[in-house]
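**Student:** sequence first, predicted model second:
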Amino acid sequence: MRHMLNPLDFSVKEIDALLSLASDIEHNPPKYAHVCDGKKLATLFYEPSTRTRLSFESAMLSLGGSVLGFSSADSSSAAKGESVSDTIRAISCYADIAAMRHPKEGSALVASLASSIPVINAGDGGHQHPTQTLTDLMTIRSLTGRLGHMTVGLCGDLKFGRTVHSLINAMVRYPDTRFVLIAPDELRIPSYIREDVLKANHIEFKEVNNLDEAMPDLDILYMTRVQKERFFNEEDYIRLKDCYILDKKKMKLAREDMYVLHPLPRVNEISTEVDSDPRAAYFKQVQYGVYVRMALIMTLLEVEKPC
Ligand code: NCD
């Protein structure tokens, strides 16, 4: 039995196969409409979510399966003090696969150790968010035709942004990938990513404060929200929340073939005037998120690809 806790749980070859399956699903949805008939997905969400939870549910329903779950810690037995391990042991009796989001780093790993069904990490605190990464990889591959041989700018809250940590983890495995890490000093990338992922893999990267200066070099600009819920005090959040705002003026500095991604939800960091720019890919990204989650559910449940 396999889990998906970190993008590195799958080899590059396995991710390639998963993205190809997702792409086949995108182009032939009826073929997959019953491959998970009779299977159940449990969504265990101890933290707010719109896209991730609903895209998992939509994915399972589109495969013919059913869904059950809870969407906040308050409405689960966590409110009575139940541990994640006990909860997942119970859920293993009700469902065939589980997607879990939790505010604590490492919680999905803890759940996987007690689980008898595959566990998917749908975000563990400021740590990892592997299914957003699969979504991001599918978006980049579909729009540019490649993974690797590109300069990726990551901008905003690189400290607490789990989507950023997972994406860097995954992308260092593709050849000739360079990063420009654009953040205020207080929200720089954590040292474990800088040292153990970027430097350890001899990846070319620079850390800068200025978005305008970085724009012309980028193939992908990955914008992120300042993660309000992970700040220890409101004052720091207020001071940093609008540190970068991507607008039409900044987009003029970018290449014609650069794409803007964002895991969403957006607050102020991308002005709505950018939405009509053909390079704005963040709503397309949402759609790709359903296909990759369909492919992931099939892969973890070891469902045969229909002919
Ligand atoms: C992200 C998350 O939850 O980490 N959202 C998502 O899953 N699409 C990004 C964010 O909340 O800023």
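**Tutor:** Perfect, thanks for sending it.
**Student:** the ligand contacts on the stretch 1-150 of the chain?
**Tutor:** Arg51, Thr52, Gly123, His129, Gln132 (CB under 6 Å from any ligand atom). From N, CA and C alone the C-beta is placed, and that goes for glycine too.
**Student:** as CSV, the residues you listed with secondary structure would be great.
**Tutor:** Output for those, formatted as CSV (DSSP: H, G, I helix; E, B strand; the rest coil):
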residue, secondary structure
Arg51, helix
Thr52, helix
Gly123, strand
His129, coil
Gln132, helix
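**Student:** show the buried residues in those.
**Tutor:** Arg51, Thr52, Gly123, His129, Gln132 (16 or more other CB atoms under 10 Å).
**Student:** list the contacts of the fourth one.
**Tutor:** In other words, His129. By CB atoms under 8 Å, 6 or more residues apart in numbering, His129 lies in contact with Thr52, Asn121, Ala122, Gly123, Arg162, Thr163, His165, Ser166, Pro263.
**Student:** wasn't the second one part of a strand?
**Tutor:** Looking back up the chat, that one is Asn121. Yes. According to three-state DSSP, Asn121 belongs to a strand.
**Student:** the stretch 51-200 of the chain: helices as residue ranges?
**Tutor:** 51-62, 84-91, 107-114, 130-144, 162-171, 191 (DSSP state H, counting those that start in this stretch).
**Student:** mean pLDDT added to those, as TSV?
**Tutor:** What follows is the helices of the stretch 51-200 of the chain, written out as TSV (pLDDT from 0 to 100):
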stretch	mean pLDDT
helix 51-62	97
helix 84-91	97
helix 107-114	98
helix 130-144	98
helix 162-171	98
helix 191	97
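**Student:** of all those, which one comes closest to Val208?
**Tutor:** With respect to Val208, and counting by CB to CB, the nearest of the helices of the stretch 51-200 of the chain is helix 162-171 at 14.9 Å.
**Student:** could you measure from the residue nearest to Val12 when sequence neighbours are not counted over to the ligand?
**Tutor:** Distances taken as CB to CB, 6 or more residues apart in numbering place Arg173 nearest to Val12, at 5.1 Å, with adjacent residues excluded. Distance, Arg173 to the ligand, by CB to the nearest ligand atom, to the nearest Å: 21 Å.
**Student:** Met223 now?
**Tutor:** From Met223 to the ligand the distance is 10 Å (CB to the nearest ligand atom).
**Student:** the closest residue to that residue other than its chain neighbours and the ligand, how far apart?
**Tutor:** Nearest non-adjacent residue to Met223, counting by CB to CB, 6+ apart: His262, 4.5 Å away. Distance from His262 to the ligand, counting by CB to the nearest ligand atom: 8 Å.
**Student:** contact partners for His262?
**Tutor:** Per CB under 8 Å, 6+ apart, neighbours of His262: Tyr222, Met223, Thr224, Arg225, Glu269, Ile270, Tyr282, Gln285.
**Student:** out of everything not next to it in sequence, what's closest to the last one?
**Tutor:** The reference is to Gln285. Gln285 sits nearest to Thr139 (CB to CB, 6+ apart), 4.5 Å away.
**Student:** need phi/psi at the residue nearest to Asp37 when sequence neighbours are not counted.
**Tutor:** In this structure, Asp37 finds its nearest non-sequential neighbour in Gly64, 4.2 Å apart by CB to CB, 6+ apart. Gly64 adopts backbone torsions of phi 90, psi 0, taken as degrees, to the nearest 10.
**Student:** and Gly64, how many residues sit next to it?
**Tutor:** 14 (other CB atoms under 10 Å).
**Student:** and if you look at Glu204?
**Tutor:** By other CB under 10 Å, neighbour count at Glu204 equals 11.
**Student:** wait, doesn't it sit right on Phe179?
**Tutor:** Yes. Glu204 is in contact with Phe179 according to CB atoms under 8 Å; the separation is 7.5 Å.
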